[in-house]
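[1] I'd like to go over a predicted model; first the sequence, then the structure.
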Number of protein chains: 2
Amino acid sequence: MGSGDRTGSAEMNGGAPAAVDKGVDFAQYFCTYGYLYHQKEMLCDKVRMDAYFNAIFKNKHHFLGKTVLDVGTGSGILAIWSAQAGARKVYAVEATKMSEHARALVKANNLQDVVEVIEGSIEDITLPEKVDVIISEWMGYFLLRESMFDSVICARDRWLKPTGVMYPSHASMWVAPIRSQLGEQKMNDYETSMEDWHYFLEDTETNYGVDMSVLTKSFSEEQEKYYLQTSLWNCLHPHQVIGNPSTVKEIDCLTATIKDISEVRSHITSSITICSSRLCGFGGWFDVHFRGRMEDLAQEEVELTTAPSVDGNTHWGQQVFLLYPPVSVNEGDNLNVSFSMTRSKENHRLLEVDLGCEIHQASGKHLQTLEKKFYID
Amino acid sequence: MGSGDRTGSAEMNGGAPAAVDKGVDFAQYFCTYGYLYHQKEMLCDKVRMDAYFNAIFKNKHHFLGKTVLDVGTGSGILAIWSAQAGARKVYAVEATKMSEHARALVKANNLQDVVEVIEGSIEDITLPEKVDVIISEWMGYFLLRESMFDSVICARDRWLKPTGVMYPSHASMWVAPIRSQLGEQKMNDYETSMEDWHYFLEDTETNYGVDMSVLTKSFSEEQEKYYLQTSLWNCLHPHQVIGNPSTVKEIDCLTATIKDISEVRSHITSSITICSSRLCGFGGWFDVHFRGRMEDLAQEEVELTTAPSVDGNTHWGQQVFLLYPPVSVNEGDNLNVSFSMTRSKENHRLLEVDLGCEIHQASGKHLQTLEKKFYID
């Protein structure tokens, strides 16, 4: 599909530019998934594991005697559960050498007659038949980082029967105003870095006779991007969420196209729910649902949420988009937020966000409009 | 030179396999040099800066009215100094977009009539003439990590006049027995990781019905490699060096070939110089010298050393090859060490070391022979 070295042709990507060179994609992205240590981190995420385990075993009717495709099987866990839930045949596709461990795991659990591990990109491999279920744990930070859902869409369009079911079936992205000390910390780090730069300029001129001040603007832009404009992984406490969360994106995994998910544009409103607080930025997270499909619903719906939680945090954490300085806000103030997310031109697996925020105070007064660009690295 | 996508043909590399794909090489290696923050770290290394500054300005006869090629100019500092020392023309070659900053720096220091910044790989670019001096700061950890000297050799073979001078002119790699707490720390980390793995196996079997014990061997090998077999960056104190350092490699930058440096094999001896100490492993470092050439010597020789130092440490630190458990040694004990270093097959810029060590006690008794493989990642 597409040209030899590309992971997707323009036509297949709905007109989007071809994905990055495979060798580079491996060096930048896939390679970390070849480590057992990384797989173990995900396997130790109890919330994640419980959600998929329950989604499968509380809905065995979707699996009993059926055919399943696990996209990006990693260690093989979802494929193994699918087989244990009674699948007739499971195709477990994995791009990295982790596939060898998956194969060993399948055998050690006596499921080699049901689960076939295939090493390769889902875009390239061929299956002998279409499948009843596509299962995949494809979600990256804030859902779409890593752009792995592209591969699931490809698998769905090629290999899912017209009556087939997606696991998960739906996904949502959420954004909420937050308070956080991180904004101030990062600003301090940035300012320290710039102070240090100015001492460096002095020393280099004095000791080495070279005037490097022409680089100050570029250095400061680089440091600003690093400290102030890059979203952070963080585990937010629910108390840090100071206003109603809103969805910026809803995805039906059965029908979404790559074009649908390449660009996320949304206007949301959020009311501040805390008295006398400070708006320090926004938190972003996602949830996925296992609802089956209209004609073949789940018997028991399961949800996997990555919302801020006291004891249910996941390895995904949340993504935090910091504003500095913070803005004083009060219960009842309304935020009009424009949210726009696109893929980075340099690396389609990374994202860029444009956030705009108007604050309408409960008193009726309209406060400033904030606008800021962020990079999800 | 070589095929379009390769950074060196087999013939040019003296029969060695072609280097890695350029896109991958950029994603894995070059890209960090495109950041001003990284350049600043190197520019803030006073020992490094002083050495090159003095090498140039105490030997202006090598530069006055001459042509110079700076391989991997980065911010442009060496090219700028060469011009300030009186060079007629300096070609400053840089593979990353850092070249744009170098060009701005040259202009801001009024040297644009002398210094021409060229963006590209030294293997690909063309110069209008051969040069009198090739200057480059190419040294990686333990000298040869990053394998950048390959590019300097290429530049030399293509662009240095028969009478030309290399800056630096010579390089040496040193190894010495050391004591260090790191070996024990890393062993603890490894053991903790394996304990944790066993709890993980229990939990996964109990809660999720999957037996992952077949992966234990692979996981343990992966963790062993990470914690116990990977050399570490460390700043050693001179007190940690417990025996005479020895050279494992000497390089004449004027004549060395890629074949010469692709494989380092040496037998060295070292006497323990401390009473009642513990051999915890070996430290590796390098020095480079600016001696000019036989027919055109430096007026004042300069040395840049990265040996363990109280106040002269560099950003290179030393590379530490840890053995565990440590072995008790005494003053007068002799170590016979076999040292073999080759390039990693997966990535020619990374290295693998085979270390063997026989301990001959002062009493005449021959203690065990230790053998261990290390990865310089």
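    Thanks, I have it. None of the values given here were measured: they were computed from a predicted structure. Residues are numbered from 1 along each chain as shown, chains lettered A, B, ... in the order given.

[2] Would you work out how far apart the start and end of stretch A:83-98 are?
    19 Å (CA to CA, to the nearest Å).

[3] give the contact list for A:Val175.
    A:Pro245, A:Ser246, A:Val248, A:Ile268, A:Ser270, A:Phe282, A:Gly283, A:Gly284, A:Val337, A:Phe339 (CB atoms under 8 Å, 6 or more residues apart in numbering or on different chains). Where you see a C-beta, it was placed from the backbone N, CA and C, and this is true even at glycine.

[4] pLDDT on the helix or strand containing it, on average?
    Following DSSP states H and E, one finds A:Val175 within strand A:170-178. For strand A:170-178, mean pLDDT is 98.

[5] continuing past the helix or strand containing A:Val93, what's the next helix or strand?
    Following DSSP H and E, the helix or strand that holds A:Val93 is strand A:89-94. Going down the chain from strand A:89-94, the next helix or strand is helix A:98-108, by DSSP H and E.

[6] Give me the contact list for that next one.
    A:33-34, A:36, A:39, A:73-76, A:79-80, A:83, A:92, A:94, A:112, A:115, A:117-119, B:210-215, B:218.

[7] correct me, but A:Ser151 touches A:Ile134?
    No: the pair A:Ser151 / A:Ile134 is not scored as a contact, 10.6 Å apart, by CB atoms under 8 Å.

[8] list residues touching both of these two?
    A:Val71.

[9] roughly how far out does stretch A:66-81 sit from the chain middle?
    Chain-centre distance of stretch A:66-81: 20 Å, with CA atoms, centre = their mean, to the nearest Å.

[10] What are the buried residues along that stretch?
    A:66-81 (16 or more other CB atoms under 10 Å in any protein chain shown).

[11] ditto for stretch A:211-224
    A:Met212, A:Leu215, A:Phe219, A:Glu222, A:Gln223.

[12] could you dump stretch A:265-283 to CSV, C-alpha only?
    Only the C-alpha atoms of stretch A:265-283 are listed here, as CSV (Å, rounded to 0.1, in the frame of the first residue of the first chain):
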residue,chain,number,x,y,z
ARG,A,265,-10.8,22.2,15.9
SER,A,266,-13.2,23.1,18.7
HIS,A,267,-14.7,25.9,20.6
ILE,A,268,-15.6,25.0,24.1
THR,A,269,-16.9,26.8,27.2
SER,A,270,-16.0,26.1,30.7
SER,A,271,-17.3,27.6,33.9
ILE,A,272,-15.0,28.1,36.8
THR,A,273,-16.2,26.0,39.7
ILE,A,274,-13.8,27.2,42.4
CYS,A,275,-13.8,30.5,44.4
SER,A,276,-10.8,32.8,44.1
SER,A,277,-8.6,30.6,42.1
ARG,A,278,-5.9,31.1,39.5
LEU,A,279,-6.1,29.9,35.9
CYS,A,280,-2.7,28.5,35.3
GLY,A,281,-3.4,26.7,32.1
PHE,A,282,-5.4,23.7,30.8
GLY,A,283,-5.2,20.0,31.3
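
[13] Could you pull out the buried residues of that stretch?
    Neighbour-count burial for stretch A:265-283 [16+ other CB under 10 Å]: A:266, A:268, A:270-272, A:274, A:277-283.

[14] I'd like the average pLDDT over stretch A:302-322.
    On average, stretch A:302-322 scores 97.

[15] does any bit of it sit next to chain B?
    No: against chain B, stretch A:302-322 shows no contacts by CB under 8 Å from any CB of the partner chain, the least distance being 14.0 Å.

[16] distance between the ends of that stretch?
    By CA to CA, one end of stretch A:302-322 lies 32 Å from the other end.

[17] for the longest strand anywhere in chain A, packing partners?
    Ranked by residue count under DSSP state E, the longest strand found in chain A is strand A:277-293. With contacts taken as 3 or more CB pairs under 8 Å, 6 or more residues apart in numbering or on different chains; DSSP states H and E, strand A:277-293 sits against helix A:46-57, strand A:160-167, strand A:170-178, helix A:182-208, strand A:296-305, strand A:318-329, strand A:351-360.

[18] From the chain's centroid, how far away is stretch A:85-102?
    The answer for stretch A:85-102 is 22 Å, by CA atoms, centre = their mean.

[19] Report the buried residues of that stretch.
    So, applying 16+ other CB under 10 Å, buried residues of stretch A:85-102: A:85-87, A:89-96, A:98-99, A:101-102.
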